[in-house]
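Undergrad: next come a sequence and a model predicted from it.
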Amino acid sequence: MLPVGNIHDSMPMNLLVYETDSGRRPFVEWFGRLDGQRQTSVRRRLRAVEEHNHLGDCSSLRGGLYEMRLTGRIGLRVYFANLDGAIVLLLGGSGKSNQQQEITRARERLRDFRERNSE
């Protein structure tokens with residue numbers, strides 16, 4: 001797996017949204033609750049990931065879980081895993097107020113994804 005940071009590579013990255021075994025998509029649900037300005041900021045950031053492999057301000061939360069920070073007045077976090085250096089698995093998002101709860105949930109989702117997709 002490639003390290004996360006400012007990756008400038010010629011191959012585009014693909015975004016994959018985590019889905020529970022019952023069909024829920026927590027990232028999509030969280031995104032849908034954001035106001036228009038915040039949705040635009042998240043979309044812009046994810047487009048940079050897809051088109052330019054630019055993850056921007058990110059940090060490892062250990063165990064393959066990462067936090068993408070959208071700073072400033074937006075103050076959002078997107079939780080993800082980098083799969084094989086070519087796929088970004090979107091696990092959820094949060095503001096600062098519920099950050100620790102959402103990190104715990106994202107960790108559980110990543111564990112579930114790995115269990116259901118292991119060979």
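TA: Happy to help now that I have it.
Undergrad: now the strands for this structure?
TA: Read by DSSP state E, the chain holds these strands, from start to end of the chain: 14-17, 58-60, 66-70, 76-83, 87-95.
Undergrad: nearest to residue 49, of these?
TA: The stretch from the strands of the chain with the least distance to residue 49 (C-beta to C-beta) is strand 87-95; that distance is 5.8 Å. From N, CA and C alone the C-beta is placed, and that goes for glycine too.
Undergrad: the closest one: which residues count as buried?
TA: Residues 88-94 are the ones in strand 87-95 that count as buried (16 or more other C-beta atoms under 10 Å).
Undergrad: quick one: which of the residues you listed is nearest to residue 111?
TA: residue 91 (10.4 Å).
Undergrad: so how far is residue 72 from that closest one?
TA: Distance of residue 91 to residue 72, given as C-beta to C-beta, to the nearest Å: 23 Å.
Undergrad: can I get the strands of the chain in JSON lines including mean pLDDT?
TA: What follows is the strands of the chain, written out as JSON lines (pLDDT from 0 to 100):
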{"stretch": "strand 14-17", "mean pLDDT": "94"}
{"stretch": "strand 58-60", "mean pLDDT": "92"}
{"stretch": "strand 66-70", "mean pLDDT": "93"}
{"stretch": "strand 76-83", "mean pLDDT": "94"}
{"stretch": "strand 87-95", "mean pLDDT": "94"}
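Undergrad: across the sheet, point out what pairs with the most centrally placed residue in the chain.
TA: Of all residues in the chain, the one closest to the mean position by C-alpha atoms, centre = their mean is residue 80, 3.1 Å from it. In this entry, residue 80 is beta-bridged to residue 66, residue 90, by DSSP bridges.
Undergrad: my guess is it contacts residue 103, does it?
TA: No: counting by C-beta atoms under 8 Å, no contact exists between residue 80 and residue 103, whose distance comes to 11.8 Å.
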